[in-house]
Structures are given as structure tokens and as C-alpha cells.
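Give me a model of this one.
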Amino acid sequence: MKQQWTSEELLASWMLTDTETAFINSHYTGPNRVGIGALLKCFQQAGRFPQRKQDIPEQIVAHISQQLNVHHGEFDAYGWSGGTIDRHRARIRSFLGFRCGTAHDFATIGKWLSSQALVGEVRQLDRLKEAVYGKRWPVALL
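Predicted structure coming up:
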């Protein structure tokens, strides 16, 4: 994920809708509100959850925090491992209409991926991941 965003990009890609804000505010306070807000918007942008807290640019955290009326420093206290983040990811998947992938889903995705030309490109793992996430499957792969 890129680290610097223009004001226009923030408004176009990182604004919370009223429905999203209600979802976040009805379940969470403090660090959890900023954390689930950041996870939600990152999932919508990238088609997957960030692997590390550091993968979310501070500019994005500040922008989401401002919309939620929470100090952006609260994100530092958000727990990135354990049951809380697992529950948050599950709630986000459900909210967005996604489900966890099954073995059958992975076989379908593998078959689709093998049929893609990816012309002129070396089939490197990062490029293959990008193609899969860009397709926007109805399952959460991570």
C-alpha cells in the first residue's frame, strides 16, 4: 500500500460512509474503533487485511481517526494479535458480505489464475497475489 495520499485520494478512497461509521460506532470504543475502521477501509481498498500494523500509513490512520472523532494516537493501543483482531476481521467480512475461503474456493481461484495469460510478466508470487486480489472474489483469502 502506498504511503502518501493526496487530499483528493483520501476523500475518494478513505471516507467512511454513514453505514460504515454506524457499524464501527455501534460496537467499538477508543483504540478498537480506529483499528476496525482502518482494517475495514484497507480491506475495501486492497481486497485483504494488512499483515502488520505498520502496513497502514499514519496518514490513513489520522484520516480515519478524524472521521470517528478519536485521537489517532489511540491506534497505537490497538491489539494486532489474538482474539480481538480475529473477531474484528470476522465482523468486517460479514459486514461486507465476504466469507472465509474454503478448499474448493482456493481450487477455483487456482484454476482461474492458471488460465490468466499475465502476458509479458514473470509469474512471480507478488504478481500472482496482485492478480488474485484484483479479481475481488467473494471470499476473504487472509
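
Just give me the residue right at the centre of the chain.
Nearest to the geometric centre of the chain sits Phe43, at 1.8 Å (CA atoms, centre = their mean).

correct me, but it touches Ile92?
Yes. At 5.8 Å, Phe43 counts as touching Ile92 under the criterion of CB atoms under 8 Å. (Glycine included, C-beta is placed from N, CA and C.)

what do those two both touch?
Phe49 (CB atoms under 8 Å, 6 or more residues apart in numbering).

about what we covered before: how close does the residue nearest to the centre of the chain sit to Leu96?
7 Å (CB to CB, to the nearest Å).

how far away is Ala107 from Val61?
Counting by CB to CB, the gap from Ala107 to Val61 is 37 Å.

thinking Gln67 is in contact with Thr21, fair?
Yes. Using CB under 8 Å, Gln67 is in contact with Thr21, at 6.9 Å.
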